[in-house]
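A.B. asks: could you look at this predicted model? Sequence included:
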Amino acid sequence: MIGIKAISSYIPKEGVDNFKQAETFEESASFVETKLGARFLPRLEQGDDTSDIAVKAIDALLCESDLTKEDIDALIVVTQNPDGQGLPHCAALVHQKLALPTHVAAFDVSLGCSGYVYGLSILQGFLAASGKKNGVLVTADPYSKVITTPNRTTSMLFGDAATATWMGENPQLVVSDCSFGTDGKGAEHLKVEQGELYMNGRQVFNFASLNVAPAIKTLLEKNDWPEESVDAFILHQGSLAIVDAIARRFKGSEAKFIKALENTGNTVSSSIPLILKNYLSNDNSARLVLSGFGVGFSWATCLLKRNEEYVN
Amino acid sequence: MLTEADVKQAMTDSGVTTDVSNLGSEQAFSEYGLDSLDLFNLFVELEGKTGVTVPDEDLDKLTSINDVLVYFNKS
(Lines give C-alpha, C1' and ligand atoms only; values in the text may rest on other atoms or scores of the structure.)
Protein backbone atom coordinates (compact mmCIF):
# COMPACT_ATOMS: atom_id res chain seq x y z
CA MET A 1 0.00 0.00 0.00
CA ILE A 2 1.44 3.38 -1.07
CA GLY A 3 0.48 6.63 0.59
CA ILE A 4 1.70 9.66 2.49
CA LYS A 5 4.47 8.96 4.99
CA ALA A 6 5.73 12.46 5.87
CA ILE A 7 5.53 16.12 4.83
CA SER A 8 8.03 18.92 5.40
CA SER A 9 8.10 22.50 4.23
CA TYR A 10 10.15 25.60 3.69
CA ILE A 11 8.67 29.06 4.27
CA PRO A 12 10.99 32.07 3.76
CA LYS A 13 11.34 34.24 6.88
CA GLU A 14 11.41 37.54 5.04
CA GLY A 15 8.31 38.92 3.40
CA VAL A 16 5.65 41.58 3.15
CA ASP A 17 3.51 43.07 5.93
CA ASN A 18 0.13 42.79 4.24
CA PHE A 19 -1.49 45.47 6.38
CA LYS A 20 1.07 48.03 5.23
CA GLN A 21 0.77 46.82 1.67
CA ALA A 22 -3.05 47.09 1.83
CA GLU A 23 -2.75 50.76 2.81
CA THR A 24 -1.01 51.46 -0.49
CA PHE A 25 -4.06 50.05 -2.27
CA GLU A 26 -6.43 51.96 0.06
CA GLU A 27 -7.78 48.69 1.48
CA SER A 28 -8.68 48.38 5.17
CA ALA A 29 -7.14 46.20 7.84
CA SER A 30 -10.54 44.55 8.15
CA PHE A 31 -10.43 43.59 4.46
CA VAL A 32 -7.03 41.99 5.00
CA GLU A 33 -8.16 40.07 8.08
CA THR A 34 -11.66 38.97 7.09
CA LYS A 35 -11.46 38.58 3.32
CA LEU A 36 -7.87 37.94 2.26
CA GLY A 37 -6.85 36.25 5.51
CA ALA A 38 -3.11 36.87 5.13
CA ARG A 39 -1.30 39.22 7.49
CA PHE A 40 2.12 38.29 6.14
CA LEU A 41 3.30 37.16 2.72
CA PRO A 42 6.68 35.33 2.65
CA ARG A 43 8.96 36.17 -0.26
CA LEU A 44 11.89 34.32 -1.82
CA GLU A 45 15.20 35.16 -0.18
CA GLN A 46 17.51 37.18 -2.36
CA GLY A 47 19.30 34.88 -4.78
CA ASP A 48 16.88 31.98 -4.34
CA ASP A 49 15.01 30.52 -7.28
CA THR A 50 12.30 27.87 -7.48
CA SER A 51 14.74 24.95 -7.37
CA ASP A 52 16.39 26.43 -4.25
CA ILE A 53 13.19 26.47 -2.20
CA ALA A 54 12.38 22.98 -3.48
CA VAL A 55 15.80 21.83 -2.24
CA LYS A 56 15.19 23.48 1.15
CA ALA A 57 11.86 21.66 1.52
CA ILE A 58 13.45 18.30 0.62
CA ASP A 59 16.36 18.97 2.98
CA ALA A 60 13.79 19.49 5.74
CA LEU A 61 12.09 16.21 4.79
CA LEU A 62 15.39 14.31 4.87
CA CYS A 63 16.15 15.85 8.26
CA GLU A 64 12.72 15.30 9.81
CA SER A 65 11.99 11.76 8.53
CA ASP A 66 13.74 8.43 7.99
CA LEU A 67 13.99 9.00 4.24
CA THR A 68 17.50 9.03 2.78
CA LYS A 69 18.67 10.27 -0.62
CA GLU A 70 19.50 6.69 -1.66
CA ASP A 71 15.92 5.64 -0.90
CA ILE A 72 14.36 8.08 -3.36
CA ASP A 73 13.12 6.43 -6.56
CA ALA A 74 11.05 9.29 -7.99
CA LEU A 75 10.93 13.07 -7.68
CA ILE A 76 8.08 15.22 -8.96
CA VAL A 77 8.18 19.02 -8.82
CA VAL A 78 4.81 20.74 -9.22
CA THR A 79 5.46 24.23 -10.56
CA GLN A 80 4.51 26.69 -13.29
CA ASN A 81 7.30 29.06 -12.34
CA PRO A 82 10.43 26.95 -12.74
CA ASP A 83 13.97 28.34 -12.93
CA GLY A 84 14.65 30.11 -16.22
CA GLN A 85 12.27 29.10 -18.99
CA GLY A 86 11.60 25.62 -17.64
CA LEU A 87 14.22 23.93 -19.80
CA PRO A 88 15.83 21.99 -18.24
CA HIS A 89 12.98 20.88 -16.01
CA CYS A 90 13.11 22.07 -12.42
CA ALA A 91 13.21 18.50 -11.07
CA ALA A 92 16.54 17.96 -12.85
CA LEU A 93 17.99 21.08 -11.21
CA VAL A 94 16.75 19.92 -7.81
CA HIS A 95 18.25 16.50 -8.51
CA GLN A 96 21.61 18.12 -9.28
CA LYS A 97 21.61 20.46 -6.27
CA LEU A 98 20.79 17.61 -3.89
CA ALA A 99 23.26 15.23 -5.57
CA LEU A 100 20.59 12.56 -5.79
CA PRO A 101 21.44 9.13 -7.24
CA THR A 102 21.08 8.64 -11.00
CA HIS A 103 18.41 5.96 -10.58
CA VAL A 104 15.88 8.65 -9.61
CA ALA A 105 13.05 9.36 -12.06
CA ALA A 106 12.60 13.15 -11.96
CA PHE A 107 10.04 15.26 -13.78
CA ASP A 108 7.89 18.38 -13.45
CA VAL A 109 4.11 18.67 -13.41
CA SER A 110 2.72 21.95 -14.76
CA LEU A 111 -0.28 22.72 -12.61
CA GLY A 112 -1.13 25.51 -10.19
CA CYS A 113 -3.41 25.32 -7.18
CA SER A 114 -4.84 21.89 -8.10
CA GLY A 115 -1.31 20.53 -8.44
CA TYR A 116 -0.84 18.88 -5.05
CA VAL A 117 -3.90 16.66 -5.33
CA TYR A 118 -3.01 15.79 -8.93
CA GLY A 119 0.56 15.13 -7.80
CA LEU A 120 -0.46 12.66 -5.09
CA SER A 121 -2.37 10.64 -7.65
CA ILE A 122 0.38 10.84 -10.29
CA LEU A 123 3.13 9.81 -7.88
CA GLN A 124 1.08 7.03 -6.33
CA GLY A 125 0.29 5.67 -9.81
CA PHE A 126 3.90 6.04 -10.99
CA LEU A 127 5.29 4.15 -8.02
CA ALA A 128 2.71 1.40 -8.35
CA ALA A 129 3.22 1.03 -12.12
CA SER A 130 7.02 0.99 -11.90
CA GLY A 131 7.29 -1.19 -8.83
CA LYS A 132 9.26 1.54 -7.04
CA LYS A 133 8.94 2.20 -3.32
CA ASN A 134 9.68 5.82 -2.44
CA GLY A 135 8.74 9.07 -4.15
CA VAL A 136 8.97 12.73 -3.20
CA LEU A 137 6.31 15.17 -4.34
CA VAL A 138 7.51 18.77 -4.22
CA THR A 139 5.36 21.88 -4.56
CA ALA A 140 7.28 25.09 -5.33
CA ASP A 141 5.54 27.84 -7.26
CA PRO A 142 6.75 31.26 -6.09
CA TYR A 143 4.35 33.74 -7.67
CA SER A 144 6.50 36.66 -6.51
CA LYS A 145 8.55 35.93 -9.66
CA VAL A 146 5.56 37.02 -11.76
CA ILE A 147 4.21 39.80 -9.53
CA THR A 148 6.94 42.35 -10.02
CA THR A 149 4.84 45.52 -10.07
CA PRO A 150 2.15 46.52 -7.53
CA ASN A 151 -1.21 45.03 -8.50
CA ARG A 152 -4.25 45.27 -6.21
CA THR A 153 -5.67 41.94 -7.43
CA THR A 154 -2.56 39.80 -6.96
CA SER A 155 -0.01 41.58 -4.74
CA MET A 156 -1.99 41.10 -1.51
CA LEU A 157 -2.84 37.43 -2.10
CA PHE A 158 0.19 35.31 -2.87
CA GLY A 159 3.06 34.11 -0.72
CA ASP A 160 6.13 31.98 -1.53
CA ALA A 161 6.68 28.56 0.03
CA ALA A 162 7.64 25.01 -0.86
CA THR A 163 6.71 21.59 0.49
CA ALA A 164 8.01 18.05 0.13
CA THR A 165 5.81 14.98 0.63
CA TRP A 166 7.24 11.48 1.00
CA MET A 167 5.03 8.80 -0.53
CA GLY A 168 5.83 5.15 0.03
CA GLU A 169 4.87 1.91 1.74
CA ASN A 170 3.57 1.72 5.34
CA PRO A 171 2.03 5.20 5.01
CA GLN A 172 0.15 7.23 7.58
CA LEU A 173 -2.50 8.42 5.12
CA VAL A 174 -3.82 6.71 2.02
CA VAL A 175 -5.57 8.23 -0.99
CA SER A 176 -8.94 6.49 -1.01
CA ASP A 177 -10.44 8.04 -4.14
CA CYS A 178 -10.02 11.15 -6.23
CA SER A 179 -11.72 13.18 -8.96
CA PHE A 180 -10.44 15.76 -11.40
CA GLY A 181 -11.85 18.47 -13.62
CA THR A 182 -10.84 21.07 -16.18
CA ASP A 183 -12.63 23.98 -17.81
CA GLY A 184 -10.24 25.47 -20.35
CA LYS A 185 -12.61 28.39 -20.93
CA GLY A 186 -11.19 29.74 -17.71
CA ALA A 187 -7.62 29.81 -19.01
CA GLU A 188 -7.87 33.49 -19.96
CA HIS A 189 -8.77 34.53 -16.42
CA LEU A 190 -5.52 33.55 -14.70
CA LYS A 191 -2.35 33.68 -16.75
CA VAL A 192 1.10 35.15 -17.14
CA GLU A 193 1.45 37.75 -19.89
CA GLN A 194 4.81 39.31 -20.70
CA GLY A 195 6.20 38.02 -17.45
CA GLU A 196 3.45 39.44 -15.23
CA LEU A 197 0.59 37.60 -13.52
CA TYR A 198 -2.90 38.63 -14.63
CA MET A 199 -5.95 37.52 -12.65
CA ASN A 200 -9.63 38.25 -13.19
CA GLY A 201 -10.48 37.99 -9.51
CA ARG A 202 -14.23 37.83 -9.99
CA GLN A 203 -14.13 35.02 -12.55
CA VAL A 204 -11.70 32.98 -10.48
CA PHE A 205 -13.87 33.53 -7.41
CA ASN A 206 -17.05 32.55 -9.28
CA PHE A 207 -15.43 29.41 -10.67
CA ALA A 208 -14.27 28.23 -7.27
CA SER A 209 -17.43 29.26 -5.50
CA LEU A 210 -19.67 27.31 -7.91
CA ASN A 211 -17.60 24.24 -8.88
CA VAL A 212 -15.63 23.05 -5.88
CA ALA A 213 -18.47 22.20 -3.50
CA PRO A 214 -20.34 20.03 -6.05
CA ALA A 215 -17.11 18.19 -6.90
CA ILE A 216 -16.51 17.41 -3.22
CA LYS A 217 -20.12 16.39 -2.60
CA THR A 218 -20.15 14.06 -5.63
CA LEU A 219 -16.97 12.30 -4.49
CA LEU A 220 -18.28 11.96 -0.93
CA GLU A 221 -21.54 10.45 -2.17
CA LYS A 222 -19.74 8.05 -4.50
CA ASN A 223 -17.72 6.72 -1.57
CA ASP A 224 -20.56 6.73 1.00
CA TRP A 225 -18.75 9.26 3.13
CA PRO A 226 -21.38 11.43 4.85
CA GLU A 227 -20.20 15.03 5.37
CA GLU A 228 -20.42 14.51 9.11
CA SER A 229 -17.98 11.57 8.91
CA VAL A 230 -15.21 13.84 7.59
CA ASP A 231 -12.80 15.13 10.23
CA ALA A 232 -11.46 18.06 8.20
CA PHE A 233 -11.88 19.65 4.80
CA ILE A 234 -8.49 20.92 3.68
CA LEU A 235 -9.04 23.22 0.72
CA HIS A 236 -6.57 25.22 -1.28
CA GLN A 237 -6.22 28.50 0.61
CA GLY A 238 -7.01 30.84 -2.25
CA SER A 239 -8.22 33.48 0.19
CA LEU A 240 -10.26 33.45 3.37
CA ALA A 241 -13.27 34.65 1.36
CA ILE A 242 -13.16 31.75 -1.08
CA VAL A 243 -12.76 29.11 1.65
CA ASP A 244 -15.74 30.70 3.44
CA ALA A 245 -17.79 30.79 0.22
CA ILE A 246 -17.23 27.06 -0.36
CA ALA A 247 -17.73 26.14 3.31
CA ARG A 248 -21.14 27.88 3.32
CA ARG A 249 -22.34 25.20 0.91
CA PHE A 250 -21.79 22.56 3.61
CA LYS A 251 -24.39 23.54 6.21
CA GLY A 252 -23.49 22.21 9.62
CA SER A 253 -19.93 21.30 8.62
CA GLU A 254 -18.53 24.81 8.11
CA ALA A 255 -16.30 24.58 11.20
CA LYS A 256 -14.45 21.61 9.68
CA PHE A 257 -13.10 23.76 6.84
CA ILE A 258 -9.54 24.63 7.78
CA LYS A 259 -8.38 28.23 7.37
CA ALA A 260 -4.64 28.70 7.68
CA LEU A 261 -3.19 31.39 5.50
CA GLU A 262 -2.55 34.10 8.07
CA ASN A 263 1.24 33.82 7.87
CA THR A 264 1.65 32.56 4.32
CA GLY A 265 -1.09 33.86 2.04
CA ASN A 266 -2.02 31.83 -1.02
CA THR A 267 1.00 29.62 -1.66
CA VAL A 268 -0.53 27.98 -4.78
CA SER A 269 0.10 24.20 -4.78
CA SER A 270 1.81 24.38 -1.38
CA SER A 271 -1.23 25.54 0.57
CA ILE A 272 -2.78 22.08 1.06
CA PRO A 273 0.38 20.21 2.16
CA LEU A 274 1.30 23.09 4.52
CA ILE A 275 -1.92 22.28 6.39
CA LEU A 276 -1.87 18.52 5.85
CA LYS A 277 1.50 18.15 7.58
CA ASN A 278 -0.27 19.01 10.84
CA TYR A 279 -2.45 15.91 10.39
CA LEU A 280 0.47 13.47 10.44
CA SER A 281 1.97 11.71 13.48
CA ASN A 282 0.25 13.67 16.21
CA ASP A 283 -3.29 13.46 14.88
CA ASN A 284 -5.90 10.74 14.85
CA SER A 285 -8.23 12.11 12.19
CA ALA A 286 -9.53 9.14 10.21
CA ARG A 287 -11.02 10.91 7.21
CA LEU A 288 -9.77 14.01 5.42
CA VAL A 289 -10.91 15.71 2.22
CA LEU A 290 -8.42 17.64 0.07
CA SER A 291 -9.47 19.93 -2.77
CA GLY A 292 -7.30 22.16 -4.93
CA PHE A 293 -8.59 24.54 -7.60
CA GLY A 294 -7.32 27.38 -9.72
CA VAL A 295 -5.45 28.22 -12.92
CA GLY A 296 -6.82 26.44 -15.98
CA PHE A 297 -9.43 26.33 -14.63
CA SER A 298 -8.41 23.08 -13.01
CA TRP A 299 -9.67 21.33 -9.91
CA ALA A 300 -8.92 18.09 -8.07
CA THR A 301 -10.37 16.48 -4.98
CA CYS A 302 -9.28 13.43 -3.02
CA LEU A 303 -10.34 11.51 0.04
CA LEU A 304 -7.63 10.52 2.52
CA LYS A 305 -7.99 7.70 5.05
CA ARG A 306 -5.70 7.05 7.98
CA ASN A 307 -3.86 3.74 7.59
CA GLU A 308 -4.83 1.75 10.67
CA GLU A 309 -1.89 -0.60 10.09
CA TYR A 310 0.65 2.24 10.18
CA VAL A 311 3.58 1.45 12.45
CA ASN A 312 5.57 4.40 13.74
CA MET B 1 -39.43 40.13 -9.86
CA LEU B 2 -36.49 40.84 -7.56
CA THR B 3 -37.26 43.04 -4.54
CA GLU B 4 -35.14 45.04 -2.11
CA ALA B 5 -35.82 42.41 0.53
CA ASP B 6 -34.59 39.71 -1.88
CA VAL B 7 -31.32 41.56 -2.42
CA LYS B 8 -30.77 42.03 1.31
CA GLN B 9 -31.57 38.36 1.93
CA ALA B 10 -29.09 37.41 -0.82
CA MET B 11 -26.48 39.51 0.97
CA THR B 12 -27.07 37.62 4.19
CA ASP B 13 -27.16 34.24 2.42
CA SER B 14 -23.91 35.03 0.64
CA GLY B 15 -22.06 35.66 3.87
CA VAL B 16 -22.05 39.47 4.10
CA THR B 17 -21.39 40.02 7.80
CA THR B 18 -22.28 43.73 7.84
CA ASP B 19 -25.83 44.40 9.13
CA VAL B 20 -27.59 45.47 5.92
CA SER B 21 -30.99 46.19 7.50
CA ASN B 22 -30.29 49.94 7.38
CA LEU B 23 -28.74 49.95 3.91
CA GLY B 24 -30.72 52.46 1.84
CA SER B 25 -31.84 51.44 -1.63
CA GLU B 26 -29.91 54.29 -3.25
CA GLN B 27 -26.94 54.20 -0.91
CA ALA B 28 -23.65 53.14 -2.51
CA PHE B 29 -22.50 49.70 -1.38
CA SER B 30 -18.97 51.02 -0.88
CA GLU B 31 -20.19 53.84 1.41
CA TYR B 32 -21.90 51.23 3.56
CA GLY B 33 -18.66 49.28 3.95
CA LEU B 34 -19.29 46.49 1.47
CA ASP B 35 -16.08 45.50 -0.30
CA SER B 36 -15.34 43.87 -3.65
CA LEU B 37 -15.47 40.33 -2.24
CA ASP B 38 -18.86 41.01 -0.59
CA LEU B 39 -20.11 41.96 -4.04
CA PHE B 40 -18.52 38.91 -5.70
CA ASN B 41 -20.46 36.77 -3.21
CA LEU B 42 -23.66 38.78 -3.69
CA PHE B 43 -23.65 38.45 -7.47
CA VAL B 44 -22.89 34.71 -7.34
CA GLU B 45 -25.97 34.41 -5.12
CA LEU B 46 -28.21 36.63 -7.27
CA GLU B 47 -27.08 35.00 -10.52
CA GLY B 48 -27.91 31.60 -9.02
CA LYS B 49 -31.34 32.72 -7.86
CA THR B 50 -32.38 34.54 -11.04
CA GLY B 51 -30.47 32.83 -13.84
CA VAL B 52 -29.30 36.28 -14.97
CA THR B 53 -25.56 36.57 -15.67
CA VAL B 54 -23.80 39.85 -14.99
CA PRO B 55 -20.84 40.34 -17.35
CA ASP B 56 -17.69 41.83 -15.82
CA GLU B 57 -18.14 45.05 -17.80
CA ASP B 58 -21.52 45.69 -16.15
CA LEU B 59 -20.36 45.12 -12.59
CA ASP B 60 -19.13 48.67 -11.98
CA LYS B 61 -22.59 50.02 -12.91
CA LEU B 62 -24.26 48.13 -10.07
CA THR B 63 -23.35 50.26 -7.07
CA SER B 64 -26.61 50.25 -5.08
CA ILE B 65 -29.67 48.10 -4.43
CA ASN B 66 -31.68 50.23 -6.88
CA ASP B 67 -29.09 49.65 -9.61
CA VAL B 68 -29.29 45.92 -8.94
CA LEU B 69 -33.11 45.89 -9.03
CA VAL B 70 -33.27 47.80 -12.32
CA TYR B 71 -30.61 45.58 -13.90
CA PHE B 72 -32.01 42.22 -12.84
CA ASN B 73 -35.68 43.09 -13.33
CA LYS B 74 -35.22 44.27 -16.91
CA SER B 75 -33.07 41.25 -17.87
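C.D. replies: In hand now; what should we look at? Here the structure is a predicted model, which is why all the values come from computation and not from measurement.

A.B. asks: going forward, measure contacts between C-alpha atoms and count neighbours the same way
C.D. replies: OK.

A.B. asks: next to chain A in this structure, residues from chain B, please.
C.D. replies: When proximity is defined as Cα under 8 Å from any Cα of the partner chain, chain B approaches chain A at B:14, B:15, B:35, B:37, B:40, B:41, B:44, B:56.

A.B. asks: the closest residue to residue A:167 other than its chain neighbours and chain B, how far apart?
C.D. replies: Nearest residue to residue A:167, sequence neighbours excluded (Cα to Cα, 6 or more residues apart in numbering or on different chains): residue A:4, at 4.6 Å. Applying Cα to the nearest Cα, to the nearest Å, the value for residue A:4 to chain B is 35 Å.

A.B. asks: for the helix or strand encompassing residue A:4, name the packing helices and strands.
C.D. replies: When secondary structure is defined by DSSP states H and E, residue A:4 falls within strand A:2-10. Using 3 or more Cα pairs under 8 Å, 6 or more residues apart in numbering or on different chains; DSSP states H and E, the elements in contact with strand A:2-10 are helix A:50-64, helix A:115-130, strand A:162-169, strand A:173-182, helix A:271-276.

A.B. asks: okay, the angle between it and strand A:173-182?
C.D. replies: Per axes from the mean of the first three to the mean of the last three Cα atoms, to 10 degrees, the angle that strand A:2-10 makes with strand A:173-182 is 80 degrees.

A.B. asks: note down every partner strand of the helix or strand following strand A:2-10 and its orientation.
C.D. replies: Moving toward the C-terminus from strand A:2-10, the next helix or strand (DSSP H and E) is strand A:15-17. Here strand A:15-17 has these sheet partners by DSSP bridges: strand A:40-42 (antiparallel).

A.B. asks: and the helices in the chain, which stretches?
C.D. replies: In the absence of a named chain, this looks at chain A. A:18-24, A:29-31, A:50-64, A:90-98, A:115-130, A:201-222, A:240-247, A:271-276 (DSSP state H).

A.B. asks: wrong chain, I was asking about chain B
C.D. replies: B:4-13, B:36-50, B:56-59, B:65-74.

A.B. asks: deepest-packed of the helices and strands packed on strand A:2-10, please.
C.D. replies: The highest average neighbour count among the helices and strands packed on strand A:2-10, using mean count of other Cα atoms under 10 Å in any protein chain shown, belongs to strand A:162-169 at a mean of 28.

A.B. asks: same for that strand, what does it pack against?
C.D. replies: strand A:2-10, helix A:50-64, strand A:135-140, helix A:271-276.

A.B. asks: if you average pLDDT per helix and strand, which one of chain A comes out bottom?
C.D. replies: helix A:29-31 (a mean of 93; mean pLDDT, DSSP states H and E).

A.B. asks: and chain A, which residues reach chain B?
C.D. replies: A:31, A:35, A:202, A:205, A:206, A:209, A:241, A:245, A:248.

A.B. asks: most neighbours among the residues you listed, which one?
C.D. replies: residue A:209 (24 neighbours; other Cα atoms under 10 Å in any protein chain shown).

A.B. asks: for the helices and strands packed on strand A:2-10, give me a markdown table that also has mean pLDDT.
C.D. replies: Below are those laid out as a markdown table (pLDDT from 0 to 100):
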| stretch | mean pLDDT |
| --- | --- |
| helix A:50-64 | 98 |
| helix A:115-130 | 97 |
| strand A:162-169 | 98 |
| strand A:173-182 | 97 |
| helix A:271-276 | 98 |
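
A.B. asks: follow-up on the earlier one: to residue A:70, which of the helices of chain B lies closest?
C.D. replies: Residue A:70 sits nearest to helix B:36-50 of all the helices of chain B, at 48.5 Å, using Cα to Cα.

A.B. asks: chain center to that closest one: distance?
C.D. replies: 7 Å (Cα atoms, centre = their mean, to the nearest Å).

A.B. asks: in it, what counts as buried?
C.D. replies: Using 16 or more other Cα atoms under 10 Å in any protein chain shown as the burial criterion, the residues of helix B:36-50 that qualify are B:37, B:38, B:39, B:40, B:41, B:42, B:43, B:44, B:45, B:46.

A.B. asks: how far is the least confident helix or strand of chain A from where the chain is centred?
C.D. replies: Worked out by Cα atoms, centre = their mean, helix A:29-31 lies 25 Å from the chain centre.
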